[in-house]
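Asker: sequence-free structure coming up:
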């Protein structure tokens, strides 16, 4: 008897087991996801939409939103280009140190964002390795946009590469070699052959990069100094507003982040289906 037949027999013999497992899963999701999400929306709107509108129209919120968008607009293109280049090198070549390179790209997955922020402080802070040089050049990294961009670049670095590499490996290089034999240049091969084949995986990686860039808290909190109106992004604005008893502003910002996460999940599902069918 095959394993699938054994599983079907067991499920028919103990139908209650499935329902118990489903109930446990739903209870767990309710405790860690659904109830907290409902609480955020309730706290944001239980006094009416007018309080919510006032909260999101405050100058501090607007500046936090603007800074979040600026960081995302800088980080996403840079990590997209890097991810494409890294994926091309890794997916199309076998070389010594390939595994090490993949491990280095995956490093942000293994390191806590707070530790990543501390590393930036140790490198670019006033007493850091490059601190005296930056001071002589009158360049400030910490407590500025530069440090926040560096922190966000690090934590969102792997996503494009890790999504594109498997697609390139699965596709193989036959179509590209055929185009090269027919006289196509490298850029033409990439633009007309490679890019159309990896577009859904690439968009998926860009989506995840953008979600991480806009939602990052730990690394940004360490390097930004949390200066109101200057270095607060939306996630750090939520914490600061809540600590200062600005409940409506905190939950209003949290609602915006939750809506962005919801949009990300919908787009993620669409891209996953496109990737699986392409």
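Answerer: Arrived safely, thanks for sending. Here the structure is a predicted model, which means the values were calculated and not measured.
Asker: Tell me which stretches of the stretch 1-150 of the chain form helices.
Answerer: Listed in chain order, the helices of the stretch 1-150 of the chain (DSSP state H, counting those that start in this stretch) span 3-13, 15-29, 35-45, 49-56, 59-92, 98-105, 107-110, 113-124, 131-136, 145-155.
Asker: show me where pLDDT drops low in the stretch 51-200 of the chain?
Answerer: In the prediction, the stretch 51-200 of the chain carries no residues with pLDDT under 70.
Asker: For residue 150, see how far away the closest residue to residue 154 other than its chain neighbours is.
Answerer: Spatial nearest neighbour of residue 154, chain neighbours left out: residue 116 (5.1 Å); criterion: Cβ to Cβ, 6 or more residues apart in numbering. Just so you know, the C-beta spots here come from the backbone N, C-alpha and C atoms, and that holds for glycine as well. With distances taken as Cβ to Cβ, to the nearest Å, residue 116 is found 9 Å from residue 150.
Asker: Which parts of the stretch 151-278 of the chain are helices?
Answerer: Using DSSP H, counting those that start in this stretch, helices in the stretch 151-278 of the chain cover 158-171, 174-181, 186-189, 195-215, 218-224, 234-243, 247-277.
Asker: Using JSON lines, lay out those helices together with distance to residue 146 and mean neighbour count.
Answerer: Putting these into JSON lines (distance: least, Cβ to Cβ, whole Å; neighbours: other Cβ atoms under 10 Å) gives the following:
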{"stretch": "helix 158-171", "distance to residue 146": "22", "mean neighbour count": "21"}
{"stretch": "helix 174-181", "distance to residue 146": "38", "mean neighbour count": "13"}
{"stretch": "helix 186-189", "distance to residue 146": "32", "mean neighbour count": "13"}
{"stretch": "helix 195-215", "distance to residue 146": "15", "mean neighbour count": "21"}
{"stretch": "helix 218-224", "distance to residue 146": "9", "mean neighbour count": "24"}
{"stretch": "helix 234-243", "distance to residue 146": "16", "mean neighbour count": "20"}
{"stretch": "helix 247-277", "distance to residue 146": "24", "mean neighbour count": "17"}
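Asker: got these as JSON lines, with distance to residue 91 columns?
Answerer: JSON lines is the format used below for these (distance: least, Cβ to Cβ, whole Å):
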{"stretch": "helix 158-171", "distance to residue 91": "3"}
{"stretch": "helix 174-181", "distance to residue 91": "11"}
{"stretch": "helix 186-189", "distance to residue 91": "14"}
{"stretch": "helix 195-215", "distance to residue 91": "9"}
{"stretch": "helix 218-224", "distance to residue 91": "28"}
{"stretch": "helix 234-243", "distance to residue 91": "33"}
{"stretch": "helix 247-277", "distance to residue 91": "15"}
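Asker: any idea of the pLDDT on the nearest residue to residue 253 once chain neighbours are set aside?
Answerer: Nearest residue to residue 253, sequence neighbours excluded (Cβ to Cβ, 6+ apart): residue 238, at 4.8 Å. Looking at residue 238, its pLDDT is 88.
Asker: OK, contacts around residue 238?
Answerer: Contacts for residue 238 (Cβ atoms under 8 Å, 6 or more residues apart in numbering) come out as 250, 253, 254, 257.
Asker: Among the helices of the stretch 1-150 of the chain, which comes closest to residue 265?
Answerer: The closest of the helices of the stretch 1-150 of the chain to residue 265 is helix 35-45. By Cβ to Cβ, the value is 11.6 Å.
Asker: for the residue nearest the centre of the chain, what are its contacts?
Answerer: Centroid-nearest residue in the chain: residue 212, 2.2 Å away (criterion: Cα atoms, centre = their mean). For residue 212, the contacting residues are 152, 155, 156, 159, by Cβ under 8 Å, 6+ apart.
Asker: ok, now how distant is residue 65 from residue 250?
Answerer: According to Cβ to Cβ, residue 65 and residue 250 sit 14 Å apart.
Asker: domains in this protein, as residue ranges please.
Answerer: When the chain is parsed with automatic domain parsing, its domains come out as 1-46, 52-277.
Asker: I'd like the distance from the longest one to the chain centre, please.
Answerer: Spelled out, that is domain 52-277. 6 Å (Cα atoms, centre = their mean, to the nearest Å).
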